[in-house]
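Q: Take a look and give me a structure for this.
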Amino acid sequence: MDIPAFLAGQLASQYDEADVRRILSGYGVQRRTTLRVNRLRTNADAVRAALAEAGIGAEPVAWSEDALVLAAGQEEALAGLAVYSRGEIYVQSLSSMIPPLVLDAKPGENVLDMAAAPGGKTTQIAALTENRAMITACERNKARAERLRFNVERQGASHVTVMNVDARQLSDLFAFDRVLLDAPCSGSGTVAQGFRGRFEAAYLARTVQLQTSLLHKAIRLLKPGHEMVYSTCSILRQENEQVIESALRTGQVELLPIDDAAFEGVPRLPVTLAGTLCVCPDERYEGFFVARLKKCARR
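A: I've put the predicted structure just below:
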């Protein structure tokens, strides 16, 4: 598969030949449609029964009772189903379901989703906490914020406040128990057939600058002794480990390991920071990076 020369060079400089071949193979396959059962509206058994009745094959995922993988070419059939129109399912990549699980928000907590649109992770957090966490979901783009509101309402996430604002503009007087920063990125993990995106050094540098400023803001908004998750749909270390390292150097946060056993079967790429997770793109997964951080308690 042909990819931009700059991206090809980055992959070759960061991964060995075998891993580059795995990445390029993942770029070239037709990715399967995956969905999340919305436990605020229904349960997995009911969704599997509805899909079976409609002749739609669905396979379970070892690490999530809410995740299903459809047989190839069946996404279009979902739109006509009642479970879709009633918000009982949400079409979401498997990789993007991982950060909310790592975040592990609890009922009663105040949670910030810093770059929330279109709402998959926001509504997943709401479902995981049984609508008993207070979630603030930020999106700076007006049209995307409206889409976020639509999905929040459709999914029945009743304790979500949507803010059409750049999360970096939030007052530092806010204090959250958990923060999810799924940062804007190059999308180097989501390259697929027909890709027409742009990769160049200046664009990557601007993206890293944005990610770094968002992460440092997230740390200011997080309560001491509490946890956050940083994630991207990139597999480039400039956007991942190097951004995390910039935060670790401040001494304000520590890196907590992600439990490898919790994500059985997820295809992985090597990382330079032990305890982080980098997902290799393949037929089921987009390329993704996830890191778990804890803010140091005040001395």
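Q: any idea how far the one residue sitting closest to the centre of the chain is from N110?
A: With distances taken as C-alpha atoms, centre = their mean, the residue of the chain nearest its centroid is S96 (3.4 Å). When distances are taken as C-beta to C-beta, to the nearest Å, S96 and N110 turn out to be 22 Å apart. For the C-beta atoms, the positions are set from N, CA and C on the backbone; glycine is no exception.
Q: before we move on, the earlier item: okay, the residue nearest to the centre of the chain: pLDDT?
A: If you check S96, the pLDDT there is 98.
Q: which sections of this structure are below the confidence cut-off?
A: Along the chain, the parts satisfying pLDDT under 70 run over 73, 193-194, 196-197, 299.
Q: go with 80
A: Applying pLDDT under 80 to the predicted model, the residue ranges of the chain that meet it are 1, 72-75, 193-198, 298-299.
Q: With adjacent residues omitted, what lies nearest to M114?
A: In space, not counting the residues next to it along the chain, M114 is nearest to A167; the distance is 3.9 Å by C-beta to C-beta, 6 or more residues apart in numbering.
Q: what does the helix or strand where E76 lies contact?
A: Of the helices and strands defined by DSSP states H and E, E76 is found in helix 75-78. Applying C-beta atoms under 8 Å, 6 or more residues apart in numbering, the set of residues contacting helix 75-78 from outside is T33, L35, A54, G55, I56, L70, Y84, I89, V91.
Q: Flag every buried residue along the following helix or strand past it.
A: Beyond helix 75-78 in the direction of the C-terminus, DSSP H and E gives the next helix or strand as helix 82-85. Using 16 or more other C-beta atoms under 10 Å as the test for burial, helix 82-85 gives V83, Y84.
Q: who's in contact with T161?
A: Under the criterion of C-beta under 8 Å, 6+ apart, the contact list for T161 reads M134, I135, T136, A137.
Q: what are the ranges of the helices in the protein?
A: Under the criterion DSSP state H, the chain carries helices at the ranges 5-14, 17-28, 44-53, 75-78, 82-85, 94-103, 120-128, 142-154, 201-221, 241-248.
Q: re the thing from before, the residue lying closest to the residue nearest to the centre of the chain once chain neighbours are set aside: how many residues sit nearby?
A: Closest residue in space to S96, ignoring its immediate chain neighbours: G120 at 5.8 Å, by C-beta to C-beta, 6+ apart. By other C-beta atoms under 10 Å, the residues close to G120 number 21.
Q: ok, now D104?
A: Close neighbours of D104, defined as other C-beta under 10 Å, add up to 15.
Q: wait, what's in contact with it?
A: R178, E227.
Q: Return the distance of it relative to E227.
A: Distance of D104 to E227, given as C-beta to C-beta: 8 Å.
Q: need the contact list for A116.
A: With contacts defined as C-beta under 8 Å, 6+ apart, the neighbours of A116 are T122, A137, C138, E139, L148, V162.
Q: hmm, back to that, any shared contact partners between D104 and E227?
A: In contact with both D104 and E227: R178, using C-beta under 8 Å, 6+ apart.
Q: on that earlier part again, select from the contacts of T161 the one having the most neighbours.
A: With neighbours set by other C-beta under 10 Å, the maximum within these is found at A137, which has 29 neighbours.
Q: quick one: that one and G119 touch, right?
A: Yes: using C-beta atoms under 8 Å as the test, A137 is close enough to G119 to be in contact (7.2 Å).
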